[in-house]
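Asks: everything below, folded, please.
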Amino acid sequence: MLVFPNAKINIGLNITEKRLDGFHNLETVFYPINLTDILEFVESKDKTIFQNTGLKINVSNSDNLVLKAYNLLKEKYKLPELNIHLHKIIPVGAGLGGGSSDAAFMLTALNTYFELQISDSDIEIYAQQLGSDCPFFIKNKPIFAEGTGNIFTTVNLDLSDYYILIVKPDIHISTKEAFTGINPAKPEFNLREISNLPVSDFKKIITNDFEKTIFKLYPEIKQIKDILYHSGAVYAQMSGSGSSVFGFFREKPEIPKAFKNYFTFLQKPK
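Replies: Numbering: from 1, shown residues only. Next up, the predicted model:
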């Protein structure tokens with residue numbers, strides 16, 4: 001079974017309050033993009049083996065989300081041992097949801113291949129056990145997310161007329177760093193209404209609360225955003241807690257020379 005787990009970007013990100021359990025409530029919009037990993041499995045006559053090529057994920061088997069997804073279903077269904085191969089293309093620690101996507105696609109691929117007949121709603125429940133944004137990749141459509149990023153409402157957002165350029169510097173941002181200096185507050189603009197807002201107005205209205213802190217800690221990331229705007233982006237923003245930055249363009253952009261040492265991906269209009 002061969003599948004292609006895709007990435008996502010966060011359009012806007014507002015930290016609205018700190019919860020009693022120590023986590024934070026947030027509001028954001030998840031939007032799927034065409035940047036993909038490659039995930040394949042075949043049945044094995046021996047024990048289950050996981051192989052990783054491309055970008056290294058550097059996690060133990062106990063923390064490996066693909067294996068967690070497999071073991072989660074294996075606990076309830078009679079699944080055979082597998083040879084699993086993940087060719088990693090989506091950058092790790094980028095705010096693009098690559099690990100969550102790999103896990104979600106593993107769940108849906110197992111469900112399809114072994115004809116487990118698990119409903120989408122039940123697959124989403126399994127996915128929730130693997131990570132708050134994993135369920136997004138089950139239906140893989142633009143959504144407004146709230147709570148800890150686990151409560152979804154569909155939004156009618158279509159960016160298929162735009163070029164989307166993703167830029168990822170070699171910077172890893174910890175969760176602790178990202179939340180340094182965050183002061184939770186209700187935003188002036190409700191991201192649930194994003195489909196009513198012209199993309200040309202995103203720059204004036206939609207913000208990512210993490211940028212204020214992250215840009216001070218890593219001016220290089222702010223510079224990427226500035227270069228995207230200088231290159232003609234209609235809107236540019238850091239995705240999630242970083243470190244990737246994306247820009248929306250009406251015309252095909254030239255990749256700036258300043259990005260030559262960075263990971264870049266350009267999604268073309270449909």
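
Asks: how near is Phe189 to Asn196?
Replies: Distance, Phe189 to Asn196, using C-beta to C-beta, to the nearest Å: 10 Å. Bear in mind the C-beta positions are built from the backbone N, C-alpha and C, glycine included.

Asks: what about the strands in the protein?
Replies: In the chain, the strands defined using DSSP state E lie at 2-3, 6-18, 24-36, 38-43, 49-54, 82-88, 143-146, 151-154, 163-168, 235-238, 245-249, 263-267.

Asks: for the first one, what is the average pLDDT?
Replies: So the one you mean is strand 2-3. Per-residue pLDDT over strand 2-3 has a mean of 98.

Asks: try stretch 262-270
Replies: In this model, stretch 262-270 has an average pLDDT of 97.

Asks: not counting that stretch itself, show me its contacts.
Replies: The contact list for stretch 262-270 (C-beta atoms under 8 Å, 6 or more residues apart in numbering) reads 33-35, 91, 94, 160-170, 224, 244, 252-253, 255.

Asks: just stretch 114-121 next, same as before
Replies: For stretch 114-121, contacts defined as C-beta under 8 Å, 6+ apart pick out Leu73, Tyr77, Leu79, Leu110, Asn111, Tyr126, Ile138, Lys139.

Asks: just the buried residues of that stretch, please?
Replies: Phe114, Leu116, Ile118 (16 or more other C-beta atoms under 10 Å).

Asks: which among the contacts of stretch 114-121 end up buried?
Replies: The neighbour count (16+ other C-beta under 10 Å) marks Leu73, Leu79, Leu110, Asn111, Tyr126, Ile138 as buried among the contacts of stretch 114-121.

Asks: could those be laid out in CSV, adding distance to Ala104 and pLDDT?
Replies: Below are the buried ones among the contacts of stretch 114-121 laid out as CSV (distance: C-beta to C-beta, whole Å; pLDDT from 0 to 100):
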residue, distance to Ala104, pLDDT
Leu73, 12, 98
Leu79, 17, 97
Leu110, 11, 98
Asn111, 11, 98
Tyr126, 9, 97
Ile138, 6, 97
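
Asks: between these, which sits nearest Ser231?
Replies: The closest of the buried ones among the contacts of stretch 114-121 to Ser231 turns out to be Ile138 (C-beta to C-beta; 34.6 Å).

Asks: that closest one touches Ala104, doesn't it?
Replies: Yes - Ile138 is within contact range of Ala104, at 5.7 Å (criterion: C-beta atoms under 8 Å).

Asks: what do the two both touch?
Replies: With C-beta under 8 Å, 6+ apart, Ile138 and Ala104 have common neighbours Ala127.

Asks: and the helices in the protein, which stretches?
Replies: 65-74, 98-113, 120-128, 136-139, 175-179, 202-205, 210-217, 219-230 (DSSP state H).

Asks: residues of the fifth one that come out buried?
Replies: The neighbour-count check on helix 175-179 (16+ other C-beta under 10 Å) flags Glu177, Ala178, Phe179 as buried.

Asks: so how far is that helix from its chain's centroid?
Replies: Its chain's C-alpha centre and that of helix 175-179 lie 17 Å apart, by C-alpha atoms, centre = their mean, to the nearest Å.

Asks: again, but for the fourth one
Replies: Between the mean C-alpha point of helix 136-139 and the mean C-alpha point of its chain there is a distance of 11 Å (C-alpha atoms, centre = their mean).

Asks: who does it touch, helix- and strand-wise?
Replies: Here helix 136-139 touches strand 6-18, helix 98-113, helix 120-128, going by 3 or more C-beta pairs under 8 Å, 6 or more residues apart in numbering; DSSP states H and E.
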